[in-house]
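>>> no sequence on this one, just coordinates:
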């Protein structure tokens, strides 16, 4: 059973997050984030300049040499405009049900892009030291696409949301690391991120310089898959709680690294107050999709609100009572300390 079906069976709700075509030009949205701020739900949606088509039964499209016509394998990126880059814009809104209005965040500090993935990707919203931030990965400032997490302060959210500061966060130990992404901001620890979930690596970034230090490293828990960051990390039950994802990659024979495919699944993790992993859930999907990705979770009026993208083409917010998630977690454990 999908998490959506489990939630709806307990009176949960899947809220589609829709940006009108007059704004979106009909291209895809995905990987929304959410933040409970002053008892209002703030949202960010990743807007794409393309629509992604995913070939079902992918191998039938290979030629006799086992190659796809596209370097992206079974994925096809359709651009309505003459721009073959993969461009991300971010749209901000304050949840008002069907009356929610989304506005593009003006990233006034952008420079000319020099790589094909452009814009701040998979932004998570977080409120630290009385300031609202969006934090995600950017890969367009280097010629080889070297990715780093960035932290941007956002203001004027009720009128015309815009960026007023930006810092690129360095790797805490390896300046030559290629792509750092999916760091999970810890809501109640300003400028701290879970850099890796297993083994747990907690880092602290300097919001002025981007310098970063490793402040905690835990022991690895033996489970059969890796776990990558997804939502923010919340305080819950005397410790910390989050959503992570597993990626089951498979590459096609005799192909370059880009020609690959994946199935995404998700898990919950609970740490104690000292960052020892207490339990890890079994894998789940949100809507039985192949490409699903969560960039947000928060608590509001007795429910968890979890935001996720579906097939890189639509955005959703799952509302489910906290006790339903807690019970499902306890009933579906992969690991318990």
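It's in. Keep in mind that what you see is a predicted model, and the values were worked out from it rather than measured. Residues are numbered from 1 along each chain as shown.
>>> touching the longest helix anywhere in the chain from outside, list them.
As assigned by DSSP state H, the longest helix anywhere in the chain is helix 322-331. With C-beta atoms under 8 Å, 6 or more residues apart in numbering as the test, helix 322-331 has contacts from 6-7, 10, 12, 237, 268, 270, 279, 281, 299, 302-304. To be clear about C-beta, it is placed using only N, CA and C from the backbone, and glycine gets the same treatment.
>>> next secondary structure after that helix?
strand 333-336 (DSSP states H and E).
>>> tell me which helix or strand the residue most central in space within the chain sits in.
For the chain, the residue nearest the mean C-alpha position is residue 295 (3.1 Å; C-alpha atoms, centre = their mean). Assigned by DSSP H and E, residue 295 falls within strand 292-300.
>>> what's the angle from that strand to helix 322-331?
In terms of direction (axes from the mean of the first three to the mean of the last three C-alpha atoms, to 10 degrees), strand 292-300 departs from helix 322-331 by 130 degrees.
>>> centre of the chain to strand 292-300, how far?
Relative to its chain's centre, strand 292-300 lies at 8 Å (C-alpha atoms, centre = their mean, to the nearest Å).
>>> can you list the strands that the next helix or strand after it pairs with?
Going down the chain from strand 292-300, the next helix or strand is strand 303-310, by DSSP H and E. Partners of strand 303-310 in the sheet, by DSSP bridges, are strand 292-300 (antiparallel), strand 314-321 (antiparallel).
>>> which strand residues bridge the nearest residue to residue 208 once chain neighbours are set aside?
Leaving aside its sequence neighbours, residue 208 sits nearest to residue 167 (C-beta to C-beta, 6 or more residues apart in numbering; 6.8 Å). Using DSSP bridges, the bridge partners assigned to residue 167 are residue 151.
>>> and residue 167, how far is that from residue 245?
26 Å (C-beta to C-beta, to the nearest Å).
>>> returning to that earlier point: packed most tightly, which of the strands paired with strand 303-310 would that be?
strand 292-300 (a mean of 24; mean count of other C-beta atoms under 10 Å).
>>> residue 294 and residue 306 touch, don't they?
Yes - using C-beta atoms under 8 Å, residue 294 is in contact with residue 306, at 6.1 Å.
>>> intersection of neighbour lists for those two?
Joint contacts of residue 294 and residue 306 (C-beta under 8 Å, 6+ apart) are 231, 243, 286.
>>> turn the residues you listed into CSV, including distance to residue 218 and pLDDT.
Formatted as CSV, these follow (distance: C-beta to C-beta, whole Å; pLDDT from 0 to 100):
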residue, distance to residue 218, pLDDT
231, 19, 98
243, 18, 98
286, 27, 96
